[in-house]
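Chemist: what's the 3D shape of this:
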Amino acid sequence: MWTINKKDLYSTFGVRILKDSYNDIMSPPKPRPRLEYDFPDQTGLAVDMVSPLSYEARTFKMNVLLVGTDADDFWTKYLAFFEEIATPGAFALYIADLGVTVSLLYEGAKCLKKPRSLQSGRVAVSYEITVKEYDPSLRIYDIDNDEGDDDDD
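Modeler: Predicted coordinates:
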């Protein structure tokens with residue numbers, strides 16, 4: 001299950017995240033360069049080994065399929081989805097099967113395939129959504145702290 005701001009992507013917005021779209025999300029963020037100085041009279045570099053690492057913001061793309069039961073339902077879901085991700089501030093993307101919540105900023109979208117009507121009358125359109133993870137340290141991981149906790153009373 002995927003949610004945006006605690007709203008189920010499929011049941012609320014008719015959106016499915018397409019295959020391989022969370023490879024970038026699950027890749028570790030790139031650390032910013034450590035402070036270093038190359039003293040001309042010493043071998044090697046003097047590198048800051050004390051300060052904690054900080055990470056660069058990153059931009060990535062997610063491919064989604066937006067499906068409506070008919071044209072009216074499609075446009076209702078389309079407007080609701082883009083309103084949800086394009087509101088001022090960040091939106092929270094939760095990926096239940098991976099147990100992670102990522103804070104993202106909407107940067108834009110483009111249509112990948114023109115609208116098509118399925119045999120059932122449903123309308124489906126795929127989009128490439130561009131988002132920015134502005135602060136990778138804001139990720140929230142579901143970690144089960146109850147492992148090995150046996151209450152045999």
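Chemist: only C-alpha atoms from now on, for both contacts and neighbour counts.
Modeler: Fine.
Chemist: buried ones in stretch 100-116?
Modeler: Neighbour counts over stretch 100-116 (16 or more other CA atoms under 10 Å) mark 100-106 as buried.
Chemist: for this structure, what spans make up the strands?
Modeler: In chain order, the chain shows strands spanning 2-4, 7-8, 15-17, 36-37, 46-47, 58-68, 91-95, 100-117, 123-133, 140-141, with DSSP state E as the criterion.
Chemist: quick check, nearest of the buried residues of stretch 100-116 to Gly89?
Modeler: When the buried residues of stretch 100-116 are compared for distance to Gly89 (CA to CA), Leu105 comes out closest, at 6.9 Å.
Chemist: and the closest one, how close does it get to Pro88?
Modeler: 9 Å (CA to CA, to the nearest Å).
Chemist: cool, and Gly121?
Modeler: When distances are taken as CA to CA, Gly121 and Pro88 turn out to be 34 Å apart.
Chemist: can you check Asp20 too?
Modeler: With distances defined as CA to CA, the gap from Asp20 to Pro88 amounts to 28 Å.
Chemist: with Gly44 instead?
Modeler: In this structure, Gly44 lies at 47 Å from Pro88, with CA to CA as the measure.
Chemist: who touches stretch 25-40?
Modeler: 44-48, 53-58, 60, 136 (CA atoms under 8 Å, 6 or more residues apart in numbering).
Chemist: taking these, please make a PyMOL selection of just the buried ones.
Modeler: With 16+ other CA under 10 Å as the burial test, the buried ones among the contacts of stretch 25-40 are selected in PyMOL as follows:
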select buried, resi 55+58+60+136
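Chemist: among the contacts of stretch 25-40, which two are most distant?
Modeler: In these, two members sit farther apart than any others by CA to CA. They are Gly44 and Phe60, at 35.7 Å.
Chemist: run through who's touching stretch 49-64.
Modeler: Applying CA under 8 Å, 6+ apart, the external contacts of stretch 49-64 come out as 15-19, 21-22, 24-25, 29-32, 34, 126-137.
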